[in-house]
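Asks: Pasted the sequence and its predicted model underneath.
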Amino acid sequence: MKKRILALMLTAALTVSLAAGCGSGGDGGSKSDGDDITLTFLDKHPEEEYKGYFEDAIADFEEANPGVHIEYENISDQAIKEKLAVLASGGDLPDIFFAWGGECLNRFSRAGRLLDLTPYMDEDSEWRDSFLPSFLSSSVLDDKNYAVPYRSSVLYWLYNKKVFADNKLEVPTTWDEFVEVCDTLKAADMTPIAFGNSDQWYTMWYVGQFNANYVDQAVRMADYNPASGEFTDEGYLKSIQTLLDINDAGYFGDNVNSKDYYQVREEFAAGKYGLILDATSQFSFYTDAMGDDAYGYFKIPHPSDAAGDEVESIVTGGSENYAISAECENPDMAVKFLKFMTEKEQAMKQTTETGLPNAVIGGITEDNAGKMIADAYVTAEDYTAIAEWLDQCVDGNVANTYMASLQEGLDGKSAEDILKDVQAAAKEVAEANE
Amino acid sequence: MRKKNQKTIGIYLLPAMLMVIVILYLPIFINLYESFFKWGAMSTKHTFVGIDNYVKMFQDEIFYVAIKNNLIFTVMSVVCQIGISLIIASVLESKFMRKSQNFFRTIYFIPSLLMVTVVGITCKMIVSPSIGVLNPMLERIGVDVSHIDLLGTASTATYTIAAMSQWQYIGYTVILFIVAIQNIPEDLYEAADIDGASAVKKFMYITLPEIKDTILINTIITVTGSIREYDEVFVTTNGGPGHATETLATYLYKVGFRNDQMGYASALAFFIFIVTFIIGLLQMKGYNLDEQN
Amino acid sequence: MKKKILHVIAYVLFILFTVIIILPLIWMAVTGFKTNQEMFLAPFSLPEQWVWQNYVDAWNQGIGIYLKNSVVITVMATALSTFVSCLAAYPLARLNFKSKKVWVYLILGGLMLAPQSSVISLFKMVKIAGLYDTQTSLVLIDAAFRIPFATFLIMTFYKSISYSLDESAYIDGATTWQIFCKIIVPLSKPIIASCAIVSFRAVWNELMFANIMLQSTAKKTVPVGLMNFQGMTTTNWTLVVASMVIASLPLVIAFLALQRQFVRGLTAGSVKG
């Protein structure tokens, strides 16, 4: 009987609240209650190894700023995409929130949903200058800053030192040497490259890097912009073809579409492959699984016929950022919080405690990030440009088309047909964004 | 019926109907309205485009792939979750099985209680050609497995996912059928026994007609479930390879949330609703609303 | 004799099917005891060392709180949907009135709705109603999506109850409500129970609405909580499997405990055959 009463009450609650709610309208994220300030903060680090650090940092900030409360919500990166889309469509973004760089951020910036941070950075140029410039630039649209990076990553080839030693291989520095390494491993009955594409995103690391090698910067930027994307440069075709050639040569092994990243990286760590393409943010996995001495990294050689204007100086990578909603009622306090989170000392603490590489100049040291990552960041200084992750720097429609068609490409679809799909998607997106 | 009953009927119906109309139908009609616009969650633009989204839908190749896949799910689900389930349920209800019925039906039901994610992970591991167990098993019985990659090949992936779904849900409809069969008065069977009817005859002439409504309901549930198919695809291939395993619901979700084409997604959503509703109505022809003895 | 052989064949088939069902279940449970490395390098061998750590970690990382939230939401949504469905099914099955067809179709139509298509509109409605980040919103939505199924199932069962029972009750002067409470509902216990368990399972595993409608970490349900174990590049899969095994246990136990309520075993009252 109790159940029934409860149920009846709930139904009544629905009716009443719907009726009552219609008049009240939505309320914004932040509330000022007297002197007290509440900021909402949506983040994506719920994993046990990360969340403690963020909670502590928030507590420290609140302690230093009495009367400020930060409502922290932390959900997984799988769930946050939908969550942000739904929140945005409901007109109710959190005051401070996580976003990947490139188009992920730009679509908010373009729609006027983000607080322009430029005035704050003009006022405090030290803040602007503290970031690694190539990572800060991923959140710039029309010369305005819309977010700040707190985490950074770049791509490298990793190799298993024992496999290389067993096969008497040298670390390759050019594309031809790279191909030679693959051939030698293949001749030794080993699959050269650890690659699994059942989740579809792994091809984007390859093609994103090759696009950056083949296509001039200005052309690429125009194509990655949803309003003007065409993808007609022949470099895009060559880039796709390069990936398909690697696959056709058998360097990836069989059944690439049913293996996934998790499987192949475990297998790489166990010595089943010679090479894997991975980002510095994942180095800690290999250090844990193999030890610092068992693997090495090297810069990604560009295909020998690649002649984009940034071919020597660019690497794929990206930042993860925090942005502030344009509707935030206490922008000054929100900016203050971001400054606190990206302060060098705090950023270094982030790297020490969580292993997430920060994005401030001089923020990565052997002490806080370990030898491999620290070295990799020194090596990265050779690069002057960062190509944002391809799946994040273009419109979602283009990215999904790329991924789906490339997956078919690994199963026989031609590079021309794949590019046609991408061009069609880009055209559709451009029409929608006119 | 007496007059005052009109009011009584209202009281019985009100809570359920209120919830269904407000929570289930209102959004669908909001969708219908939204499907005439081009809009995205992120942008503030909301452009009226008439029936463009519907035109686009019928020109979209992936849309037809999705329909084909939904049909595969539907056919496989009806065959397994109605046909085979019904046979399993009636055999379990036979006298010689009664003692072990509890054991079997419990085991068969357990998979349906699991989260789809964990079932998906398990399925991926089992059929994986590189680390799975299925291919080695097939090899042992003499099948050439060098080209068998069930989830990684466009032509087999949908069937594999559908098969996984049957593994999970067959026991669920078995239980529903058992409940229905148990509700058949025992004396019908006793009379048939006296006449010396065979088990098959009893099944055809007593069981089937008596549980006709349950069969109908289970069919409607299975068919509509197949047309809304989402979870199993999402956790195994997420529509891949390419778009080979895309269903209407996964496609709708991608179009809306990943591509941010909410207007087009609304059109797809409304289409799914209309199609399933019509199928439901057709199936309802067999359902006698005013049956009263 | 022929019959005997058929019986044996039936048993063999059923046992074979049982094996097909059970083996993957065992794999899931065993995988929870492995390390991530073992899962990918030797997925089908027994773990070298049986580690409880995944199960312990899964529990420590908040499954406890998530379980509590999930229990609250699932029990409330199941009770609500089952109760209103019991009510609604009554006139639809046992009374005659003009607009009946309309209501039946309305319920039927509800079965067809893909939740993915409603999520944005529902989110806006929930915001307007001021129910965002409340468990009430989730309970109402989850319950509403279960109503069509429950009503349909219960309605069919009501129809199979002999009409002479209410006739004689009418003659004795009973009201509709009394007939409903004293005759119909008690007789329908098996179907109500099976309805409840089916709804329970659906609500328990529901992910999308739980992710969208709730914001506070303290209110998260099990499926949303489990999503937190799956990052794009940081997933500890054996932990995921272990936590899903833990998350499914309450359902399996509830089912084992409850099933005799709705499926007749060899219990009293059913030994006619």
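Replies: Done, it's in. In this text, all values refer to a predicted model and were calculated from it rather than measured experimentally.
Asks: For the rest of this, base every contact and every neighbour count on C-alpha atoms.
Replies: Noted.
Asks: List the contacts of residue C:50.
Replies: By CA atoms under 8 Å, 6 or more residues apart in numbering or on different chains, the contact list for residue C:50 reads C:33, C:34.
Asks: That one sits in which helix or strand?
Replies: Per DSSP states H and E, residue C:50 falls between elements, in no helix or strand.
Asks: can you give me phi and psi for it?
Replies: Main-chain dihedrals, residue C:50, degrees, to the nearest 10: phi -80, psi 110.
Asks: What segments of the stretch 1-150 of chain A are helices?
Replies: A:2-24, A:48-64, A:77-89, A:103-110, A:118-123, A:125-129, A:133-136 (DSSP state H, counting those that start in this stretch).
Asks: Show me the least confident stretch of these, going by mean pLDDT.
Replies: Ranked by mean pLDDT, those end with helix A:2-24 at the bottom, a mean of 45.
Asks: what about the closest residue to chain A within the stretch 51-200 of chain B, is that helix, strand or coil?
Replies: Per CA to the nearest CA, residue B:152 is where the stretch 51-200 of chain B lies closest to chain A, at 4.5 Å. On the three-state scheme (DSSP: H, G, I helix; E, B strand; the rest coil), residue B:152 is labelled coil.
Asks: Residue B:132 now?
Replies: coil.
Asks: That one: what's its closest spatial neighbour, skipping adjacent residues?
Replies: In this structure, residue B:132 finds its nearest non-sequential neighbour in residue B:126, 4.5 Å apart by CA to CA, 6 or more residues apart in numbering or on different chains.
Asks: so who does the nearest residue to residue B:256 once chain neighbours are set aside touch?
Replies: Computed as CA to CA, 6+ apart, the closest residue to residue B:256 that is not its neighbour in sequence is residue B:262, at 4.6 Å. Residue B:262 makes contact with B:35, B:38, B:39, B:40, B:41, B:255, B:256, according to CA under 8 Å, 6+ apart.
Asks: Report the beta-bridge partners for the second one.
Replies: Counting by DSSP bridges, residue B:38 is bridged to residue B:47.
Asks: Could you see whether chain A lies near the one helix or strand residue C:19 maps to?
Replies: Element membership for residue C:19 (DSSP H and E) is helix C:2-31. No: contact of helix C:2-31 with chain A (CA under 8 Å from any CA of the partner chain) is absent, the minimum separation being 14.6 Å.
Asks: The residue of the stretch 51-200 of chain B closest to chain A and residue B:241 touch, don't they?
Replies: Yes: with contact defined as CA atoms under 8 Å, residue B:152 counts as touching residue B:241 (6.3 Å).
Asks: shared neighbours of the two, anything?
Replies: Each of A:198, A:257 lies in contact with both residue B:152 and residue B:241 under the rule CA under 8 Å, 6+ apart.
Asks: between these two, which one's more packed in?
Replies: In this view residue B:152 and residue B:241 are compared by other CA atoms under 10 Å in any protein chain shown, and residue B:241 has more residues nearby, 30 against 27.
Asks: Can you show me the helices along the stretch 251-400 of chain A?
Replies: Remark: helices assigned in the stretch 251-400 of chain A by DSSP H, counting those that start in this stretch are A:261-269, A:283-290, A:331-342, A:344-354, A:366-369, A:371-380, A:390-393, A:396-409.
Asks: among those helices, which is nearest chain B?
Replies: With CA to the nearest CA as the criterion, chain B lies closest to helix A:396-409 of the helices of the stretch 251-400 of chain A, at 4.0 Å.
Asks: when you scan that closest one, is anything in it near chain C?
Replies: No: Helix A:396-409 does not reach chain C (CA under 8 Å from any CA); its nearest approach is 15.5 Å.
Asks: would you turn the contacts of residue B:262 into JSON lines with pLDDT and neighbour count?
Replies: Shown next, in JSON lines, are those (pLDDT from 0 to 100; neighbours: other CA atoms under 10 Å in any protein chain shown):
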{"residue": "B:35", "pLDDT": "91", "neighbour count": "26"}
{"residue": "B:38", "pLDDT": "88", "neighbour count": "21"}
{"residue": "B:39", "pLDDT": "86", "neighbour count": "24"}
{"residue": "B:40", "pLDDT": "81", "neighbour count": "22"}
{"residue": "B:41", "pLDDT": "76", "neighbour count": "25"}
{"residue": "B:255", "pLDDT": "89", "neighbour count": "21"}
{"residue": "B:256", "pLDDT": "85", "neighbour count": "26"}
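Asks: Return the member of the residues you listed nearest to residue A:128.
Replies: Distance to residue A:128, by CA to CA, is smallest for residue B:41 among the contacts of residue B:262, at 30.4 Å.
Asks: is it true that the closest one touches residue A:82?
Replies: No: the pair residue B:41 / residue A:82 is not scored as a contact, 10.1 Å apart, by CA under 8 Å.
Asks: returning to that earlier point: let me have the helices of the stretch 251-400 of chain A in TSV, extended by mean pLDDT, distance to chain B and mean neighbour count.
Replies: Output for these, formatted as TSV (pLDDT from 0 to 100; distance: least, CA to the nearest CA, whole Å; neighbours: other CA atoms under 10 Å in any protein chain shown):
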stretch	mean pLDDT	distance to chain B	mean neighbour count
helix A:261-269	91	9	22
helix A:283-290	89	20	17
helix A:331-342	94	21	18
helix A:344-354	91	27	20
helix A:366-369	88	33	17
helix A:371-380	91	31	18
helix A:390-393	88	11	24
helix A:396-409	93	4	25
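Asks: can you pull the pLDDT of the residue of the stretch 51-200 of chain C found nearest chain B?
Replies: Nearest to chain B, among the residues of the stretch 51-200 of chain C, is residue C:88, at 4.5 Å (CA to the nearest CA). Looking at residue C:88, its pLDDT reads 93.
Asks: Skipping its backbone neighbours, what lies nearest the residue nearest in space to the middle of chain B in space?
Replies: The centroid of chain B falls nearest to residue B:225 when counting by CA atoms, centre = their mean (2.6 Å). In space, residue B:225 comes closest to residue C:112 once its chain neighbours are excluded; the distance is 7.6 Å by CA to CA, 6+ apart.
Asks: Spit out the contact partners of that neighbour.
Replies: Shown in contact with residue C:112 (CA under 8 Å, 6+ apart): B:224, B:225, B:228, B:273, B:276, B:277.
Asks: ok, now which ones touch the residue sitting nearest the centre point of chain C?
Replies: With distances taken as CA atoms, centre = their mean, residue C:201 lies nearest the centre of chain C, 1.9 Å away. With contacts defined as CA under 8 Å, 6+ apart, residue C:201 is in contact with B:113, C:251.
Asks: returning to that earlier point: quick check: the gap between the residue nearest to residue B:225 and residue C:121.
Replies: According to CA to CA, to the nearest Å, residue C:112 stands 17 Å off from residue C:121.
Asks: tell me the average confidence for stretch B:17-25?
Replies: Mean pLDDT, computed over stretch B:17-25, is 92.
Asks: and it, how far apart are its ends?
Replies: Start and end residues of stretch B:17-25 are separated by 10 Å (CA to CA).
Asks: Pull up the residues of the stretch 201-350 of chain A that are close to chain B.
Replies: Within the stretch 201-350 of chain A, the residues that sit near chain B (CA under 8 Å from any CA) are A:255, A:256, A:257, A:258, A:259.
Asks: dump the residue contacts of the third one.
Replies: Contact criterion CA under 8 Å, 6+ apart gives A:196, A:197, A:198, A:407, A:410, B:152, B:153, B:241 as the residues in contact with residue A:257.
Asks: Report pLDDT for it.
Replies: 90.
Asks: List phi and psi for it.
Replies: The phi/psi pair for residue A:257 (degrees, to the nearest 10) reads phi -80, psi -10.
Asks: cool, the last one as well?
Replies: Its backbone dihedrals place residue A:259 at phi -90, psi 150, with angles given as degrees, to the nearest 10.
Asks: Which residue comes closest to it once chain neighbours are left out?
Replies: In this structure, residue A:259 finds its nearest non-sequential neighbour in residue A:196, 4.4 Å apart by CA to CA, 6+ apart.
Asks: In three-state terms, label that neighbour for me.
Replies: Under three-state DSSP, residue A:196 comes out as coil.
Asks: What about it, how many residues nearby?
Replies: 24.
Asks: isn't it right up against residue A:256?
Replies: Yes: counting by CA under 8 Å, residue A:196 does reach residue A:256; the two are 5.0 Å apart.
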